[in-house]
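J.: Please find the sequence and the predicted model below.
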Amino acid sequence: MMETTAEDLNRVEKKNLFASGHRACGGCGQALAARLVADAAGENTIACVATGCLEIFSSPYPDPSWRIPFLHSLFENVSAVASGVEAAYKALKKGPVNIIAQGGDGSTADIGFQSISGMFERGHNVLYVCYDNEAYMNTGVQRSSFTPYGAKTTTTPMGNRTRKKNLPILAADHGIPYVATATVDDYRDLQRKVKTALSILGPKYLHILAPCPLGWGHAGDLTVHICRLAKATGLFPVFEIVNGKVTNVLKIPNKKPVEEYLRLQGRYRHLFQKGEPSGMVAEIQEIANQNIERFNL
Amino acid sequence: MLKYLEGSHAVSQVVAMCRPNVISAYPITPQTHIVEDLARLVGEGQLDAEFINVESEFSAASVVLGAAAAGARAYTTTTSQGLLLMNEVIYCIAGMRLPIVLTCANRAISAPLNIWNDQQDSMTVRDAGWIQLHAEDNQEAADLHIQAFKIAEQTSLPIMVCMDGFILTHAFEPVDIPEQKEVDAFLPSFKPQHIVDPRWPRALGLYADPRFYMEVRYILHRALEKSENVIRQVSADFAQAFGRESGGLIKTYKLEDADLVIVTMGSVAGTVKDLIDELEREGKNVGLLQICSFRPFPKQEVYRALKTKMNIVVLEKSVSLGRGGILASDIRWSFPRGEQKGRIISSYIAGLGGRNISTESLREMVARVEKEPVELAFLGLNQEIIAERDL
Amino acid sequence: MIEIRIHGRGGQGNVAAAELLANAAFKDGKFAQAFPSFGAERIGAPVQAFVRIDDKKIRTREEVRQPGYLIVQDQYLIDSVPVLDGLKPDGLVIINAPQCPEDLQLKTTATVETIPATEIALEIVGRPIPNAIMIGAFCAITGLVSLEAVQRAIREKFPGKVGENNVAALERAHEIIRKRKGEPPC
């Protein structure tokens, strides 16, 4: 039997640019995604990260998990900060270097919306990766504009009444060259999209569905399964938008009813009082149907 | 009724009883439990208000601005980074004389990021024209909100009720939550003066050129000064109606015979009182002056209280970087020129970023200021971390 | 003034434990204060919570540095967190552990008690949240808070089945300790 030596461990460990030993919850979708993104991007990368779960669990003083340069400022400005880093590299004629701005719901679609829109509109050579866990998880599961219709959060205790904001389409409508959606269960697809994005000049947007077991109310070992159902129901369409044209759509040969996905999560438990689905479940099914039609899933 | 609950929930329940019409909410630790509880009260139909989950604190402040301008009783809460983000709107609200009530769950400010308690955040807007009241415990935090709506609407000034984040917001202790009818009797419905309404067209938020701007600011300054009387009166009315003292401009504890006076604000006053009692048993006479209304700064009350006191130490959870203690500056300024000679006013910065303020460290502070004046000191610094830097 | 410090990991109901103990003391007619010392919401991170109980109003806000009582909800914390720091020499520490106190070999002059809280929780509550059991043990050992008050506090905080299960777990722990007092050491 071959013994694993310290050397072996070092060799394996050095491959991960986002090191283990960070403080994420067990089963965290975002931690998995961050590691996949960093490894796909490679060493020649600067990670600009917004305030949120990822930043908190990966960068407490004095033990950050990042083996690539890491820059954190505030919650709402990661896109503007990344724009600044990009501008500096341009002005100083340094690089080329991968600049990846990373954030969750808030820094992408709410408090940071102004900043991301500006970055896209001005055409900075930055990849923005959004880890979508569908609420403000770091502060204790409050709703965001990515919270899906019907989901319970602490600030929508009766179930969220608004529709999920469609950032991928909004991003594309800024005229940026590359947009993609992905999920943490399909790591090959996710990493391919990171590499594709980084090979293109200009602003890029990658939207990753990253389940949060604590906030969504499911066991940590169901993260992958939940991702698969999110796709199979049509609730999370997977596609790329290259120069404004939707392409590489992940078709769903065996569509699953949304109920199968919803029943697995505590944040939708209120939709099944006494075991029977409420009217909202039908409305959520309608949303899935609209996605299926729109993207020809 | 005496309830056993978390500070945040004491505040949310009392705020709900003040019948706000519009609440805007953006979550930020450690205020989250307040907005979550209000969301629940609205969702369950216990509070009839428009509850708006906004996309940022800047919008949270802007929403209550618009709501108040349209005649609604409006409320929001924030802290730290959120308050800083609202900065521009905070000044605007005061300039527009809108009687908004905001809970500031005092927290440290970035960088570096720190979610724990200190009072640097509310200090950043001390010049904005808001009344700032500091709560000592959760009972006072709850009571101050009832008083705040009344003071704000009487003076047409916005009010920030400051309570130490985590230390008070997340502490469970007994709080007497009044009955709805008691609050209704104390707090009449909001009767706004100048609002946007087609029935009485008015323009709000005009620009003022050099001919007018200065007078508007002077009027605002005087309004804050005069609000001291209202703050005092409402506190007295509250004591009458609810049977307990809370709020007002200042409070004192064992000040009369004190040889040394500790001046402070907020929850640490409780720890100081325990220390004062311990020191008294050891034969030392130390007293406390608690500032409840930080803005308007009750200069005359402070002067009256400290007139005969020659050794004073100001203990605060904030600092003006490059200058020193902020409360200390205000206290030093409270004495007329002629009466500063021979008087020692030491300045201690403590508890930044949630650093625990122990009775032990306060004893060290007392021992030191008894012997010598301290221009500026940071309590309990970890010398190991500082040692390697060329300071 | 009685000062209690609770150690555990996020997700074990440490803050709830503090709240329940303090609420129970309040129901017993005492003054009580409970507050946490923790950071961002995260399962598994070490958490502390503090409780003070007194016959008069509690004014101090400092963290409990010299507890008379320690409740340790996760025995594996002992290796990485200095849980015993400041414990009064004649104090009491109750640890969630299946072993006997002697087997833990703790370096302290304080009294050490153990109870297999996780096992009991899994059996009665169905989840590995030990807090109700730890509180039950605390009540039985110290008598500082009445069992009846804790039962009421639990039912208030957790209505329905969850509350009932936790009350059952609380009572089981209480019973175990009371029986133990009559038995020879293990």
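T.: On my side now, so go ahead. Just so you know, these numbers come straight off a predicted model, no measurement behind them.

J.: Would you agree B:Leu5 falls within a strand?
T.: Yes - with DSSP: H, G, I helix; E, B strand; the rest coil as the criterion, B:Leu5 is located in a strand.

J.: Next, count neighbours for the residue of the stretch 51-200 of chain A found nearest chain C.
T.: Residue nearest to chain C within the stretch 51-200 of chain A: A:Ile56 (4.6 Å; C-beta to the nearest C-beta). C-betas here are computed from N, CA, C, even on glycine. A:Ile56 has 22 neighbouring residues, counting by other C-beta atoms under 10 Å in any protein chain shown.

J.: and what of B:Leu391?
T.: Neighbour count for B:Leu391, taken as other C-beta under 10 Å: 5.

J.: Now do it, the pLDDT please.
T.: For B:Leu391, the pLDDT comes out at 76.

J.: A:Arg161 too?
T.: At A:Arg161, pLDDT is 96.

J.: Between the two ends of stretch B:119-136, how far is it?
T.: Chord length of stretch B:119-136, first to last residue, is 13 Å (C-alpha to C-alpha, to the nearest Å).

J.: before we move on, the earlier item: give me the contacts around the host helix or strand of the residue of the stretch 51-200 of chain A closest to chain C.
T.: Assigned by DSSP states H and E, A:Ile56 belongs to helix A:53-58. Residues from elsewhere that reach helix A:53-58 (C-beta atoms under 8 Å, 6 or more residues apart in numbering or on different chains): A:18, A:22-24, A:28, A:30-31, A:34, A:49, A:64-66, A:70, A:72, A:102-104, A:131, A:133, A:137-138, A:212, B:113, C:39-40, C:42.

J.: Quick check: ChimeraX command selecting the buried ones in the residues you listed.
T.: Selection of buried members from the contacts of helix A:53-58 for ChimeraX, criterion 16 or more other C-beta atoms under 10 Å in any protein chain shown:
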select /A:18,22,23,24,28,30,31,34,49,65,66,70,72,102,103,104,131,133,137,138,212 /B:113 /C:39,40,42
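
J.: ranges for the helices of chain C?
T.: Counting by DSSP state H, chain C has helices at residues C:14-27, C:101-104, C:117-124, C:131-142, C:147-157, C:161-181.

J.: does the third one come close to chain A?
T.: Which is helix C:117-124. No - Helix C:117-124 does not reach chain A (C-beta under 8 Å from any C-beta of the partner chain); its nearest approach is 15.2 Å.

J.: before we move on, back to that, neighbouring strands for whichever helix or strand comes after the helix holding A:Ile56, and are they parallel or not?
T.: Using DSSP H and E, the helix or strand that follows helix A:53-58 towards the C-terminus is strand A:70-72. Strand A:70-72 has the following strand partners under DSSP bridges: strand A:45-49 (parallel).

J.: What lies in contact with the strand it pairs with?
T.: A:17, A:38, A:55, A:58-59, A:66, A:68-72, A:78, A:81-82, A:85, A:97-103.

J.: In PDB, please show the C-alpha coordinates belonging to that strand.
T.: Extracted as PDB, the C-alpha positions of strand A:45-49 are listed here (Å, rounded to 0.1, in the frame of the first residue of the first chain):
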ATOM      1  CA  THR A  45      -5.400  36.000 -11.300                       C
ATOM      2  CA  ILE A  46      -6.400  38.700  -8.900                       C
ATOM      3  CA  ALA A  47      -9.500  38.000  -6.900                       C
ATOM      4  CA  CYS A  48     -11.600  41.000  -5.900                       C
ATOM      5  CA  VAL A  49     -14.200  39.900  -3.500                       C
END
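
J.: how about it: buried residues?
T.: Result for strand A:45-49 [16+ other C-beta under 10 Å]: buried residues A:45-49.
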